[in-house]
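Visitor: What follows is a protein structure lacking sequence information:
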Ligand SMILES: Nc1ncnc2c1ncn2[C@@H]1O[C@H](COP(=O)(O)OP(=O)(O)OP(=O)(O)O)[C@@H](O)[C@H]1O
């Protein structure tokens, strides 16, 4: 009994239905609680076990035989009846109990429950495996993201992403460094309002116009090369960027922007452009300076200084000495050919500016517009395209500007010139930029300047500014004592140039020269001597005074009207054209004969309206 009791206690603890039967007597000896729950309350000791077998009792008997024979066996071939007659599929596991061969322990496993356990087990297994797979995938993706972050952060270009609402989704390290904003400042916020809100010129940049937002609106890649992003410290950086729409499984997700800070490059480009412009400007200036210098070398005043020892010339020398070292403006008056330019040249040569050029600008010989451009220079845009050029003012910078025939400068240009001289800065025509100016001005006029001012043809304020130091060149007829020295010096220069022996100047010739009234002053004397040097081959100087030849006495009227002067100039020019057959330039031209620049002769022909018929032979 003790054994049975202990067996019963043990059976009751089993987790499955267990029944001990006497196979020979077909009697239940014991059924544990689980067996009673499975088979119903009838499963009690003393009951027949075969009563619980569904139909196929034979199968059960065969099974019992196998158990008795093998001591243990199992089967799923036997079905049981439970409860109200329901069929129950079970797995029967049986073994002989040692105390009697017919005492058999049956373990009944409900196959429904067994399969359910199996399904649960499978599900759990699947679940466990799925969980692990998911974990693996998660690890994989977080590793991938980490790798991507590393790549994005290692990139030298700034990279940021925006979603379709324009909010920042990520910002790489380079972008943070270039912009000075941290990721926290930008993530989830509309980045346009933070870094792209204004154009470089300070005007508002609407998000609607922003190509980055357009990238995902129009789903196009946009490249921009000339915009600014604003740093956290308020400074703009010049950027070029490309914005590309991005998709998540074919659905537009936003845009990614890759940008580069090109501030330094743009600055260098600008510097380079400016340097090239400066080089071009310098080249232009040097070319022009060179042209001026070349002209000055061949110019009539290049070969000598102011010649003469008359009291008038000595006074002029003294004045030159006095004023040259100062920067004071000088106003030189005197008749045509009286030596105004040569005095201006001497002042410049004795000044501290002598290493820089003396630029000679003749006012009034060309059209007003051309004169403005020649004086102020111009920038080649719009109406006046072509290369930028520097004007006389600019060329004279650091040196001296000699404004010849200043009274002929149109009134509006007189006003502009006055402003420039007062402000010491000027603008080229078509240019917005002011340029600093450091020049000394010497002006001259053959006209009666006071009269010009009184007639309103010359601005008084400009005259006052320019005439700080006036010098008047006395006409040659009023300082005849200089004629022998001038003749000798000019003859010397000419013969040297012609490689000729110096001819003798007889007393009679000298007297003729001394008696002549010289309306063209020293220029005329010079022309006469030069021509004489060419034609005098017999050892003596033979001078021809042309229509003149008349004695000074016949011309003693020293004061002539402006009109008379103009008529004389005109007649002289017509005579020169007649002599040269209308040719102006070249060795045999009227300009050489008159000792004037061809351009001046052309402009005088135009100004004095000289027609071909006037000088033509027939
Ligand atoms: N005192 C002088 N000594 C030497 N040469 C002189 C003198 N005066 C004038 N000349 C010569 O006479 C010519 C004309 O002189 P210059 O050009 O200076 O005159 P100007 O008064 O400026 O004439 P314009 O009003 O026609 O321009 C030049 O060849 C110049 O060298």
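Guide: Sure thing, it's come through. Keep in mind it's a predicted model, so treat the numbers as computed, not measured.
Visitor: just checking, what packs against the lengthiest strand in the chain?
Guide: Scanning the chain for the strand with the most residues, using DSSP state E, yields strand 236-248. Counting contacts by 3 or more Cβ pairs under 8 Å, 6 or more residues apart in numbering; DSSP states H and E, strand 236-248 packs against helix 211-217, strand 222-230, strand 251-261, helix 263-298. No exception for glycine: its C-beta is placed from N, CA and C like everyone else's.
Visitor: Ranking the ones you listed by mean neighbour count, which comes first?
Guide: Neighbour counts (mean count of other Cβ atoms under 10 Å) averaged over each of the helices and strands packed on strand 236-248 peak at helix 211-217, with a mean of 21.
Visitor: what comes into contact with that one?
Guide: Residues outside helix 211-217 that contact it (Cβ atoms under 8 Å, 6 or more residues apart in numbering) are 162, 164, 166, 192, 196, 207, 220-222, 224, 241, 243-246, 252, 254-255, 257.
Visitor: hmm, 7 Å instead?
Guide: 162, 164, 166, 192, 207, 221-222, 224, 243-245, 252, 254-255, 257 (Cβ atoms under 7 Å, 6 or more residues apart in numbering).
Visitor: Pick the one among those closest to the ligand.
Guide: The closest of the contacts of helix 211-217 to the ligand turns out to be residue 224 (Cβ to the nearest ligand atom; 60.7 Å).
Visitor: Was I right to think the closest one contacts residue 241?
Guide: Yes - Residue 224 is within contact range of residue 241, at 5.6 Å (criterion: Cβ atoms under 7 Å).
Visitor: what does the protein have sitting close to the ligand?
Guide: 300-301, 304, 306-308, 313, 334, 336-342, 404, 446, 473, 522-523, 526 (Cβ under 6 Å from any ligand atom).
Visitor: just checking, what packs against the one helix or strand residue 575 maps to?
Guide: Using DSSP states H and E, residue 575 falls within helix 562-579. Using 3 or more Cβ pairs under 7 Å, 6 or more residues apart in numbering; DSSP states H and E, the elements in contact with helix 562-579 are helix 590-594, helix 612-615.
Visitor: how far does stretch 452-460 stretch from start to finish?
Guide: End-to-end span of stretch 452-460 (Cα to Cα, to the nearest Å): 9 Å.
Visitor: and what of stretch 8-19?
Guide: 10 Å.
Visitor: any weak-confidence spans in the stretch 151-300 of the chain?
Guide: The stretch 151-300 of the chain contains residues with pLDDT under 70 at 289-300.
Visitor: repeat that for 80
Guide: Scanning the stretch 151-300 of the chain for pLDDT under 80 picks out 151-155, 213-218, 249, 278, 280-300.
Visitor: how far is the one helix or strand residue 421 maps to from where the chain is centred?
Guide: In the assignment (DSSP H and E), residue 421 maps to helix 411-423. How far helix 411-423 lies from its chain's middle: 34 Å, per Cα atoms, centre = their mean, to the nearest Å.
Visitor: So for it, what gets flagged as buried?
Guide: 413, 414, 416, 417, 418, 420, 421 (16 or more other Cβ atoms under 10 Å).
Visitor: One more: stretch 96-110?
Guide: Buried residues in stretch 96-110 (16+ other Cβ under 10 Å): 96, 102, 103, 104, 105, 106, 107, 108, 109, 110.
Visitor: So which helix or strand of this protein has the lowest pLDDT on average?
Guide: helix 2-13 (a mean of 66; mean pLDDT, DSSP states H and E).
Visitor: The helix or strand that that one is followed by pairs with which strands?
Guide: Beyond helix 2-13 on the C-terminal side, the first helix or strand identified by DSSP H and E is strand 17-22. Sheet partners assigned to strand 17-22 using DSSP bridges are listed as strand 27-31 (antiparallel), strand 103-110 (antiparallel).
Visitor: Quick check: nearest residue in space to residue 173, chain neighbours excluded?
Guide: residue 153 (4.2 Å; Cβ to Cβ, 6 or more residues apart in numbering).
Visitor: any idea how far residue 485 is from the one residue in the chain that gets nearest to the ligand?
Guide: In the chain, the residue found nearest to the ligand is residue 339; the distance is 2.6 Å by Cβ to the nearest ligand atom. The spacing between residue 339 and residue 485, counted by Cβ to Cβ, to the nearest Å, is 13 Å.
Visitor: One more: residue 266?
Guide: Taken as Cβ to Cβ, the span from residue 266 to residue 485 is 66 Å.
Visitor: now swap in residue 313 and tell me
Guide: For residue 313, the distance to residue 485 - Cβ to Cβ - is 9 Å.
Visitor: before we move on, what about residue 540?
Guide: 19 Å.
Visitor: contacting residues around residue 441?
Guide: 329, 401, 403, 421, 466.
Visitor: try 10 Å
Guide: 327-331, 393, 396, 400-403, 406, 417, 420-421, 465-466, 468 (Cβ atoms under 10 Å, 6 or more residues apart in numbering).
Visitor: Using the three-state scheme, assign the closest residue to residue 358 other than its chain neighbours.
Guide: Excluding its sequence neighbours, the residue lying closest to residue 358 (Cβ to Cβ, 6+ apart) is residue 348, at 4.1 Å. Assigned state for residue 348: helix (three-state reduction, DSSP: H, G, I helix; E, B strand; the rest coil).
Visitor: tally of neighbours for residue 348?
Guide: By the measure other Cβ atoms under 10 Å, the count of residues near residue 348 is 23.
Visitor: correct me, but it touches residue 354?
Guide: Yes - Residue 348 is in contact with residue 354 according to Cβ atoms under 10 Å; the separation is 6.3 Å.
Visitor: Identify the contacts common to these two.
Guide: With Cβ under 10 Å, 6+ apart, residue 348 and residue 354 have common neighbours 324, 399, 400.
Visitor: So which of these is surrounded by the most neighbours?
Guide: Neighbour-wise, the shared contacts of residue 348 and residue 354 (other Cβ under 10 Å) top out at residue 400, 24 neighbours.
Visitor: That one pairs with what?
Guide: residue 358, residue 440.
Visitor: helices and strands around the helix holding residue 421, which ones?
Guide: helix 368-376, helix 392-395, strand 400-404, strand 425-427, strand 434-436, strand 440-445, helix 460-466 (3 or more Cβ pairs under 10 Å, 6 or more residues apart in numbering; DSSP states H and E).
Visitor: could the ones you listed be laid out in CSV, adding mean pLDDT and distance to residue 491?
Guide: Conversion of the helices and strands packed on helix 411-423 to CSV gives the following (pLDDT from 0 to 100; distance: least, Cβ to Cβ, whole Å):
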stretch, mean pLDDT, distance to residue 491
helix 368-376, 89, 36
helix 392-395, 91, 34
strand 400-404, 95, 27
strand 425-427, 94, 44
strand 434-436, 93, 46
strand 440-445, 97, 27
helix 460-466, 96, 36
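Visitor: Out of the helices and strands packed on helix 562-579, which is the most enclosed?
Guide: Note that of the helices and strands packed on helix 562-579, helix 590-594 is the most buried (mean count of other Cβ under 10 Å), with a mean of 23.
Visitor: picking that back up, wait, the residue of the chain closest to the ligand sits on residue 520?
Guide: No - Residue 339 is not in contact with residue 520 according to Cβ under 10 Å; the separation is 11.8 Å.
Visitor: So for the two, which residue has more residues nearby?
Guide: residue 339 (28 against 23).
Visitor: Can you tell me, leaving aside adjacent residues, what's nearest to the more buried one?
Guide: residue 473 (4.8 Å).
Visitor: State the pLDDT value of that neighbour.
Guide: At residue 473, the model reports a pLDDT of 96.
Visitor: Which of the helices or strands spans residue 63?
Guide: Per DSSP H and E: helix 57-70 holds residue 63.
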